[in-house]
Every structure is written in structure tokens, then in C-alpha cells.
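Novice: I would like the atomic coordinates for the input below:
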Amino acid sequence: FITLAVGYLFGQSINRITLFALILSLGLLVDDSIVVIENIYRHYTEKGVNRLHGAVRAVNEIGRPTNLATFTVILAFLPMFWVTGMMGPYMSPIPFNVLVAMIASLAIAYTVAPWAAYRFLKVEGKGHEESHGFLERNYARMLKQLIRSRWTRNLFFVAVSLVLLLVLIMPVYQWVQFKMLP
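Specialist: Purely as a prediction, here's the structure:
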């Protein structure tokens, strides 16, 4: 919402390029908040931790690396502002929306995410190893099987290779159409 609102203020419309920029940013957006909440969770699992001080300490602990990661992504897309020629106008919404989305994401990660974790995250003193969920247990079981069994590992690599091959031949048989800005 913040990205669309700022784009609207700067005269951008919602089109395929701005939507592409938002979709591209979507995967990057959640990283900051995930890092913050994961670190708060880790602090909450320590026995006897004050929830408010634990949340503040957790955010302070990962602040610099999170800032660095966010600004690295922004700097990676910034050169697209200077694309000239026919593609210039098409490319400019991408770095603009990535910039706005990443700054908004960082602000939300430092304000809304800690508040939400403080308010809703109910994990106190359980210890990190004791709190595995359904996905973690099944992933660990599958990974152990791949590590232990050479046959399973080879079968897995063959399956991944077949899927990769299938994806690579899709355009050859025109199962997927490629178009430039239809």
C-alpha cells in the first residue's frame, strides 16, 4: 500500500511494469521483518527474559546487518534509473518501486514487527530446540534420509535433474509463450 501510494503521488500508474516491480519487491520485502521476528523469537526462548527488553535488544542486535542488506538491494536496482533509449521509461518504475518498498519494509520491520511480536508472540523460556513445528520436523526427517542413504540422494538428484530438463524444454515445444511487453 505504501509503495502504491507513493507511486501515485509521483505520477505512476498501475501497469504491468509497476506490478512487476511490486512482485519483484514482494520477495525482498518480507526479509527484514522475518529477520527481526526470528531474532525476537530467539530472545523470547531464553529463560527469564523480559519481553519488552528482549524485543528491543533483539532489534538492536540485528539492526546494522539488516540495514546493510536492505541498502545493498536498493543499490543493486538503482542503476536502472539511468537506462536510456526506448527501454528507459519502461524500466524507471522498477527501481523507484523497489526503493520505496524496501525503505517501507525496513521501517515496518523496526516498528510494526517488534510491536506485533511483543503483542502476539507467546513463547517464553521453552528453549529453541523444543519448539519444532510440523514443517521443521518433516524437513529434518527428509534431510536426514538424504544424508544417510546414497540411493535416496541419487534418486533425489535424478528427480531434480528431470524437472530441470522439463522446464528447459518447455519453450522448445511452445508449452510456454515468451513475449516482450504484450
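
Novice: count of neighbours near Thr152?
Specialist: For Thr152, the neighbour count with other Cβ atoms under 10 Å is 13. Every residue, glycine included, has its C-beta placed from N, CA and C.

Novice: Sorry, wrong one. I was asking about Asn60.
Specialist: Neighbour tally, Asn60, other Cβ under 10 Å: 10.

Novice: if I look at it, how far off is Phe96?
Specialist: Distance, Asn60 to Phe96, by Cβ to Cβ, to the nearest Å: 31 Å.

Novice: Could you do Asn67 as well?
Specialist: 20 Å.

Novice: same deal with Leu52?
Specialist: 37 Å.

Novice: can you pull the contacts of the residue of the chain most remote from its centre?
Specialist: Going by Cα atoms, centre = their mean, the residue of the chain most distant from its centre is Trp151, 33.5 Å out. Trp151 makes contact with no residue under the criterion Cβ atoms under 8 Å, 6 or more residues apart in numbering.

Novice: From Ala140, how far off is it?
Specialist: The value you get for Trp151 to Ala140, if Cβ to Cβ is used, is 20 Å.

Novice: So what does Tyr118 look like in phi/psi?
Specialist: With angles defined as degrees, to the nearest 10, Tyr118 sits at phi -60, psi -40.

Novice: sorry, back to before: looking at Leu52 and Phe96 now, which is surrounded by more residues?
Specialist: Phe96 (20 against 10).

Novice: Please list all residues in contact with that one.
Specialist: Taking Cβ under 8 Å, 6+ apart as the test, what Phe96 contacts is 7, 10, 12, 21, 81.

Novice: Show me the two of those that sit farthest apart.
Specialist: Gly7 and Phe81 (14.4 Å; Cβ to Cβ).

Novice: any idea which element Thr72 lies in?
Specialist: helix 51-77 (DSSP states H and E).

Novice: Report the buried residues of the following helix or strand past that helix.
Specialist: Proceeding N to C from helix 51-77, the next assigned helix or strand is helix 88-91, under DSSP H and E. Buried residues in helix 88-91, counted by 16 or more other Cβ atoms under 10 Å: 90-91.

Novice: Report all helices and strands that helix 88-91 contacts.
Specialist: In this structure, helix 88-91 packs against no helix or strand, with contacts taken as 3 or more Cβ pairs under 8 Å, 6 or more residues apart in numbering; DSSP states H and E.

Novice: what about the residue farthest from the centre of the chain, distance to Val163?
Specialist: Counting by Cβ to Cβ, the gap from Trp151 to Val163 is 19 Å.

Novice: Break down the protein into its helices, ranges please.
Specialist: Ranges of helices in the chain, per DSSP state H, are 2-9, 16-44, 51-77, 88-91, 93-120, 134-148, 150-169.

Novice: Many thanks, I have nothing further to ask.
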